[in-house]
Each structure stands twice: as C-alpha cells, then as structure tokens.
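Q: Mind looking at a prediction? Sequence and model below.
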Amino acid sequence: MNNLSGTGFHPISIGDQEFMPQQTTKTVDWKALREDFPILDQKVHGQPLLYLDNAATSQKPRAVIDALSRYYERDNANVHRGIHELSNRATAAFEAARVRAAKFLNARSADEIIFTRGTTEGINLVAAAWGTKFIKRGDKILLTEMEHHSNIVPWQLLAERTGAQLVFLPIKGDCGLLDLAQLDAFLTSDVKLLAMTHISNSLGTINPVAEYCERARRRGIATLIDAAQSAGHRPLDVQQIGCDFLAFSGHKMCGPTGIGVLYGRGEVLEETPPYQGGGEMILSVDFHQSTWKHAPHKFEAGTPDISGAIGLHAAMVYLDGIGRDRIAQHDLELGAYAFEKLAALKGIRLFGPPIGRAGLVSFLLDGIHAHDVVTVADQRGVALRGGHHCNQPLMKKLGVESTARASFYFYNTTEEIDRFVEVVREIKKFFGG
Amino acid sequence: MFDDLTDLYQQLILDHSKSPRNFRVLPDANRTAQGTNPVCGDNYTLYAKVDGDIVKEIGFQGSGCAISKASASLLTESLKGRTIAEAKNLFNKVHDLVTTGNLDGDVGKLAALAGVHKFPARVKCAILPWHAALAAVEGKGETVSTETEKE
C-alpha cells in the first residue's frame, strides 16, 4: 500500500479491518498535508491553483482515490446477495464503512447509519418517510432563515402534501446569528420537528445545535441537523447533540460525490416506514404485499453506492488521522484571519459573525457583482463561488441577490488567504472601486 | 495574462455597466418581458414601445453583473428604431458572437461583447437581456429564464 505522503499516517485497508492512523506529532503540518491532494498541484490560467470553494465540494486525498481504485481493481461485486468471494469482500467493505460512520458520529449502533446520495437525499428521506407518517395537517415544522434550499424545499413539499406549516427562526442582521433566547417562544405545542443547519454555508455561523435539540426534546419535538458543512470540519457526536436525525455528504469531507450518511436514532428509525421500495430492502415479496428488513436496510432500496461508501470510509479515517478537533481549530483560525483581512478593505460588506465563525467568508464589493468578482479571481487562479449559494430566502432577508464566497479547508494556509485578499484588492482596482 | 479579462471587460462594457443607457421604465410601453437567471439572481425587465413593426422606444430596469447590465444597455441602443425582424436577426448575430466570437457583418458597438465567448460560464449573462428583449418585442410578454439557454 502507498504511504500517505506528508502525514505519516497508515493508509486504510478496505476490508472490515481498520488500521487507525497514528498521529506522529502533536501539531499538524498543514502545508505538508497538501501533498496528499494531487489536484492542488496545478496551474489554472497560468497561476498556481488556489482552491477556495470547499463549502461546495472538497478535494480528495490520495488515500480516497486509491481506495476507490483498489475496490474496482480487486473487490468489485454486488453486495448482500452473492455467495461468491468477491461479493463477500464487497459486502464486508460496505458494512465496514457503515460501522466506521457510526464511530465517526458516535452513534450507538451501525444500524443507525443509512447510506444516501448526500445531505439532500438524507433530508428528503426523512421528509418522505418519517414526515409522511408523523406530520399532520396543522402541525408546524420549525426551520431557520439560514437554511440551504435542501433543508427548505423537502419540507415545503411535505407541507403541501400534509397541510403542515413552515415557521422560520429569524436571524439578526448581516452577522447572521440566531437568537437562542427567542427559541422557546417558537417551540409551541404544534411544532413537531425542528430542522436546522449546524453551520451556515453562506454566513459561516456555527449554531449551538446541542442546546437547540435539548430544548426541542424537552417538549417532545423531533430534531434534524443538516451537518453538510460541519461533518468534515469538527468532531460530531450525535448522542451529545441529542438529535433524532443528522445528515451529511461525503464529498464535502474528502470523500467521493454520490455518497452521504443519514443518522437516525434507532427508536425513531424503527417506527419510520421505508423510503423507496425495491431490492435489498425486503424480507419477502409477494405479488400484492411485501415485508421489509429492519433499519438501516429498509431505507436502502437497490444496489447502493458501494465504492462511494468505501471511499467515504477512507475519508473518515483520513480526517480522524489528522484530528477533527485540530481541523476545527484550523478552520476557526483561517475564518477569523480572512474575515479580519477583508474587513480592513474599503467598500466591502461582510456577512456572518466576526468571531467564532466557520472557515468561510461571504462578501460583496461595492458596485461589483459577485459573478464579476469570481470571473476575475478565476483568471488569477483563485476558485471562489458567487451566487445565492442555494440560500435564496436568506439572500432576500439580507437584501442582496448574491454574494462572493471563499471557503477553506485544512489544506488552505494563511499565505493563501493573503494571496486571495491581494486578488480582491486587484479586483477592486480592476473595476475602479 | 489579463488579455482575456480585458477582452471580456472592455472599457465600453465597464462604462455601460456603470452608466447604463435607457435604464428606465417606459411609462407608455406596450410590450414588456422579464429575464431572470436563477443561478445568480440576475433579473431584468425590458420595456418596449412597439408601433406597428417598429421598436420606437426601449428601456430596461433591474440588476445583475457587469456583463448582463452592459449587454442590456448596448441592446437598448441597438434595437431602437429597428423592425421586429431586424431585432430577431440581431439577436441571432449577438448569440453567435457571444458563443463563438464570430462576427457576422457590422454590429457596431455590440462587437464589444465578443470577449464573452472565452468565458462559457458568462454567456448566459450576456444573452439574458436579449432573450427578454426578444420576448418583449415579439409580444410574448413572458418571463424568460437563462435555463432555456443551453450550457
């Protein structure tokens, strides 16, 4: 097996065994970790690539790319059905990924881990399966104003079907914080679900979700956490958060696209009906009726994304080799550094909290549209994002159509942020700002 | 290094985006249409006063990036006084221009939009107001979206 260059970690095995990577030093050499990411070593428009679109998707380390290749070169077969050796290996690797995901979230059991296509499908699964059974006409679903479209639209569809109503916890101003003091007033007896994001993908706000879940739980309200922006960025403990559901995507945390995890508390999953019907999820099928397996398999109809789960397994091992607590600290430092440097510029509007923010910064330059900012930055090798970031209701609340966003991951450095801020200066100059 | 950028953001484009021409509601417009790009939120309303076959007056309102706004501004200057058939013909020329960079005949100031073709992600920005203008002058009066434009 290849060594992970620059990290000193042992690579992961695909089977049901796992070699936990060893941390060789207490402090992390973030720059050295860049060598694990082949894609970072390239030029774009003649300039070294500066990838700052990590909130959209992260890059993939060699360990994940190799895990995918190895699976297809040696073990590929369908899972759960075959008697032959390759099928056994594929099944073992797929289920090992589920066990690892349970550990990643500190779930009580691997049966609480459902593989999905990503956060979006996870939330849709809850809305379709759990929501259809438990949400009735007149019930309220409590969301926040900073939710991604993927944590709004599935509830709108559910509300349309059931006659339920959506209610939104407001955010305050450009600093984009929720007011915890207001929460109790919103947790009325007709609220059946609180679904909220852990980290806002446009504001960088980190919500104290354990506190929110605790207050909801006291009133018997179910809870769902959108962990798309937090899963690869900080330690996650579903028992400590105390949520009923938590969804995340593999691709934003070094894993492949097309795979994600929905955690569901065991008791809740047991009473939740299936999501989609098909192979894999059934016990027996008759012409007119069927019985299905227990969770998590009753939620996984059809051949799953086996290689995706294996790639995600490699990603989780890789991240924990670095230490998600260290990544969270590095995120905080990069976020604060970028915010401070940008705030020193004239004619800039910044969104999200000045301190205690995640590793991303949304901004607007006076008189310059976000898309123009992103186009010019791209010509300087800097990958930013411009647009509504799937946050149209939030953009309306902020009174803007779009923002430009730089989002960081652990392989980004303060030197890169300096270069990014210099490019922002150039952009202002270019457009005469 | 910045050649492509200065092709895209020519002085004329920057000037029209900062000081858009005919940037107003026409009170006596008899044709309007809206153009939106759901990806970035660009949103323009085109107002036209069409007399018989002739675009007598044309104006626009809305917001968006430098490319879309400059394109809308240049459009209003180019379409005023044209017949509907000429407007459609010009739309096709601009479409070719921003997608391929090929200039078919003299399009005057609109030639400044040629740099767009090197930026595939920005073609929609440049063509959005043209879709809206065409919908307006042809009396379709609908909301057009860049999502009908092929990538």
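A: It's in.

Q: Let's see the helix ranked longest in chain B as PDB, backbone CA atoms only.
A: Taking DSSP state H as the criterion, chain B has its longest helix at helix B:84-100. C-alpha atoms of helix B:84-100 as PDB (Å, rounded to 0.1, in the frame of the first residue of the first chain):
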ATOM      1  CA  ILE B  84     -39.100  43.200 -35.100                       C
ATOM      2  CA  ALA B  85     -37.500  41.100 -37.900                       C
ATOM      3  CA  GLU B  86     -34.300  43.100 -37.600                       C
ATOM      4  CA  ALA B  87     -34.300  42.700 -33.900                       C
ATOM      5  CA  LYS B  88     -34.600  38.900 -34.300                       C
ATOM      6  CA  ASN B  89     -31.800  39.000 -36.800                       C
ATOM      7  CA  LEU B  90     -29.600  41.000 -34.400                       C
ATOM      8  CA  PHE B  91     -30.400  38.600 -31.600                       C
ATOM      9  CA  ASN B  92     -29.000  35.700 -33.700                       C
ATOM     10  CA  LYS B  93     -25.900  37.700 -34.500                       C
ATOM     11  CA  VAL B  94     -25.200  38.500 -30.900                       C
ATOM     12  CA  HIS B  95     -25.900  34.900 -29.900                       C
ATOM     13  CA  ASP B  96     -23.300  33.700 -32.400                       C
ATOM     14  CA  LEU B  97     -20.900  36.500 -31.300                       C
ATOM     15  CA  VAL B  98     -21.000  35.600 -27.600                       C
ATOM     16  CA  THR B  99     -20.900  31.800 -28.100                       C
ATOM     17  CA  THR B 100     -18.300  31.600 -30.900                       C
END
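
Q: pLDDT of that helix, averaged?
A: Average pLDDT, helix B:84-100: 95.

Q: angle of the very next helix or strand once past that helix against helix B:84-100?
A: Downstream of helix B:84-100, the next assigned helix or strand under DSSP states H and E is helix B:123-137. Counting by axes from the mean of the first three to the mean of the last three C-alpha atoms, to 10 degrees, helix B:123-137 lies at 170 degrees to helix B:84-100.

Q: ok, then the element right after helix B:123-137?
A: Heading C-terminal from helix B:123-137, the first helix or strand you meet, by DSSP H and E, is strand B:143-145.

Q: from the middle of its chain, how far away would that following strand be?
A: Its chain's average C-alpha position is 13 Å from that of strand B:143-145, according to C-alpha atoms, centre = their mean, to the nearest Å.

Q: helices or strands next to that strand in the packing?
A: Applying 3 or more C-beta pairs under 8 Å, 6 or more residues apart in numbering or on different chains; DSSP states H and E, we find strand B:143-145 packed against strand B:31-37, helix B:123-137. C-beta coordinates here come from the backbone N, C-alpha and C atoms, glycine included.

Q: These into JSON lines, with extra columns for mean pLDDT?
A: Shown next, in JSON lines, are these (pLDDT from 0 to 100):
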{"stretch": "strand B:31-37", "mean pLDDT": "93"}
{"stretch": "helix B:123-137", "mean pLDDT": "95"}
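
Q: out of the ones you listed, deepest packed?
A: Counting by mean count of other C-beta atoms under 10 Å in any protein chain shown, helix B:123-137 has the highest mean neighbour count of these, with a mean of 26.

Q: Measure how far that one is from the centre of its chain, please.
A: Per C-alpha atoms, centre = their mean, the centroid offset for helix B:123-137 relative to its chain is 5 Å.

Q: give me the number of residues near A:Gln156?
A: Number of residues near A:Gln156 (other C-beta atoms under 10 Å in any protein chain shown) recorded here: 15.

Q: The closest residue to it other than its chain neighbours: helix or strand, and which one exactly?
A: Excluding the flanking residues, the one nearest A:Gln156 by C-beta to C-beta, 6 or more residues apart in numbering or on different chains is A:Leu166, at 6.6 Å. If you go by DSSP H and E, A:Leu166 is part of strand A:165-169.

Q: could you say what helices and strands that strand packs with?
A: If you count contacts as 3+ C-beta pairs under 8 Å, 6+ apart, strand A:165-169 packs onto strand A:140-144, helix A:153-162, helix A:180-186.

Q: closest to B:Gln11 out of these?
A: helix A:153-162 (42.6 Å; C-beta to C-beta).

Q: Remind me what the helix or strand just after the strand holding A:Leu166 packs against, helices and strands.
A: As assigned by DSSP H and E, the chain's next helix or strand after strand A:165-169 is strand A:171-172. Packing partners of strand A:171-172 (3+ C-beta pairs under 8 Å, 6+ apart): strand A:177-178.

Q: what separates the residue in the stretch 51-200 of chain A that chain B sits nearest to from A:Gln392, distance-wise?
A: Closest residue of the stretch 51-200 of chain A to chain B, C-beta to the nearest C-beta: A:His149 (11.1 Å). Per C-beta to C-beta, to the nearest Å, A:His149 is found 7 Å from A:Gln392.

Q: How about A:Phe408?
A: Between A:Phe408 and A:Gln392 the computed distance is 24 Å (C-beta to C-beta).

Q: Restricting the selection to alpha carbons, write the strand holding A:Leu166 to PDB.
A: These are the backbone C-alpha positions of strand A:165-169, laid out as PDB (Å, rounded to 0.1, in the frame of the first residue of the first chain):
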ATOM      1  CA  GLN A 165     -46.900  24.900   8.100                       C
ATOM      2  CA  LEU A 166     -43.300  26.000   8.000                       C
ATOM      3  CA  VAL A 167     -42.100  28.500  10.600                       C
ATOM      4  CA  PHE A 168     -38.600  30.200  10.500                       C
ATOM      5  CA  LEU A 169     -36.400  31.200  13.300                       C
END
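
Q: Pull out the buried residues from that strand.
A: A:Phe168, A:Leu169 (16 or more other C-beta atoms under 10 Å in any protein chain shown).

Q: Repeat that for stretch A:361-368.
A: Going by neighbour count (16+ other C-beta under 10 Å), the buried part of stretch A:361-368 is A:Val361, A:Ser362, A:Phe363, A:Leu364, A:Leu365, A:Ile368.

Q: Same question for stretch A:311-326.
A: Quick answer for stretch A:311-326 (16+ other C-beta under 10 Å): A:311-324, A:326.

Q: Quick check: neighbours of the helix or strand of chain B with the lowest mean pLDDT in the sheet, parallel or antiparallel?
A: Least confident element among the helices and strands of chain B, by mean pLDDT, DSSP states H and E: strand B:143-145 (a mean of 72). Strand B:143-145 has these partner strands in its sheet, going by DSSP bridges: strand B:31-37 (parallel).

Q: Can you name the helix or strand that A:Thr120 falls in?
A: Using DSSP H and E, A:Thr120 falls in helix A:119-125.

Q: what about that helix, distance to the chain center?
A: Centroid separation for helix A:119-125 versus its chain: 11 Å, with C-alpha atoms, centre = their mean.

Q: got it, and stretch A:297-307?
A: Distance of stretch A:297-307 from the chain centroid (C-alpha atoms, centre = their mean) equals 20 Å.

Q: Tell me which residues are up against it.
A: A:68, A:71-72, A:76, A:78-80, A:90, A:93-94, A:114-115, A:117, A:125, A:129, A:256, A:258-259, A:262, A:269, A:272, A:274-281, A:292 (C-beta atoms under 8 Å, 6 or more residues apart in numbering or on different chains).

Q: B:Leu134 contacts B:Ala85, correct?
A: No: between B:Leu134 and B:Ala85 there is no contact under C-beta atoms under 8 Å: 11.4 Å.

Q: Which neighbours do these two have in common?
A: With C-beta under 8 Å, 6+ apart, B:Leu134 and B:Ala85 have no common neighbours.

Q: Which of the three states applies to A:Arg357?
A: Three-state assignment for A:Arg357 (DSSP: H, G, I helix; E, B strand; the rest coil): coil.

Q: Run a quick neighbour tally on it.
A: A:Arg357 - counted by other C-beta under 10 Å - has 26 other residues nearby.
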